[in-house]
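A.B. asks: Below are the sequence and a predicted model; questions follow.
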Amino acid sequence: MTGAAEDRSAPIEEFRDMARSARPAGKIKRVYLPRERGDGKRVLVERLWPRGLTKEEAAVDVWLKDIAPSPALRSWFGHDPKRWTEFRKRYRDEIAKNAGPLRELRELCRSGPVTLVYAARDETHNGARVLLELLEGKSDGREEATR
């Protein structure tokens with residue numbers, strides 16, 4: 001790879017490097033579930049605040065709005081499992097173009113346990129799942145594309 005394609009893949013490579021470290025990548029769960037002892041820092045990875053939750057109920061430590069899928073991508077996806085594979089590809093492309101929030105998430109993961117919290121009802125087809133795959137060093141996630 002050369003040029004722009006190489007530049008966009010650099011943030012993804014940073015996630016892969018982090019995944020090779022000794023510290024576990026993290027976990028994901030719905031923001032509507034209560035904080036548990038093993039959650040560590042709860043990082044909200046949604047662009048919009050979850051409906052019906054106060055800040056206290058959400059127990060969010062960090063809100064990384066800018067790492068969430070763009071409004072256009074979120075609207076296109078609509079949590080349609082038939083669009084999951086393409087959503088993952090497009091979302092990863094967006095992440096690669098916006099490295100700042102990615103670096104911030106990486107630093108949070110290095111500092112201790114992290115739980116990525118999300119608002120979607122679908123526990124399998126959501127942006128937090130894509131982020132966790134990246135944190136775990138899964139390059140394309142094909143192994144879970146049919147879930």
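C.D. replies: Done, it's in. Just so it is clear, the model here is predicted, and its values are computed rather than measured.
A.B. asks: Quick one: the strands in the chain, in order.
C.D. replies: 27-30, 41-44, 62-63, 114-118 (DSSP state E).
A.B. asks: Comparing those strands, which comes out most buried?
C.D. replies: Ranked by mean neighbour count, those are led by strand 114-118 with a mean of 26 (mean count of other Cβ atoms under 10 Å). Placement of C-beta: from N, CA and C, glycine included.
A.B. asks: Direction included, what does that one pair up with?
C.D. replies: Applying DSSP bridges to the sheet, strand 114-118 is found paired with strand 27-30 (parallel), strand 41-44 (parallel).
A.B. asks: Put together CSV for these, with mean pLDDT and distance to Phe87 on each row.
C.D. replies: Formatted as CSV, the strands paired with strand 114-118 follow (pLDDT from 0 to 100; distance: least, Cβ to Cβ, whole Å):
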stretch, mean pLDDT, distance to Phe87
strand 27-30, 96, 16
strand 41-44, 97, 19
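A.B. asks: Please identify which of those is closest to Pro113.
C.D. replies: Among the strands paired with strand 114-118, the nearest to Pro113 by Cβ to Cβ is strand 41-44 (7.1 Å).
A.B. asks: How far does that closest one sit from its chain's centre?
C.D. replies: Its chain's C-alpha centre and that of strand 41-44 lie 11 Å apart, by Cα atoms, centre = their mean, to the nearest Å.
A.B. asks: How about stretch 97-110, which residues are buried there?
C.D. replies: Of the residues in stretch 97-110, those buried under the neighbour-count criterion (16 or more other Cβ atoms under 10 Å) are Ala99, Pro101, Leu102, Leu105, Arg106, Leu108, Cys109.
A.B. asks: how near is the fifth one to Thr115?
C.D. replies: Right, Arg106. 15 Å (Cβ to Cβ, to the nearest Å).
A.B. asks: ranges for the helices of this protein?
C.D. replies: Here the chain has its helices, by DSSP state H, at 3-19, 55-58, 71-77, 84-97, 99-111, 127-135.
A.B. asks: what's the most buried one of these?
C.D. replies: Of all the helices of the chain, helix 127-135 carries the top mean neighbour count, a mean of 24, counting by mean count of other Cβ under 10 Å.
A.B. asks: OK, contacts around Lys41?
C.D. replies: The contact partners of Lys41, by Cβ atoms under 8 Å, 6 or more residues apart in numbering, come to Asp61, Val62, Leu108, Ser111, Gly112, Pro113, Val114, Thr115.
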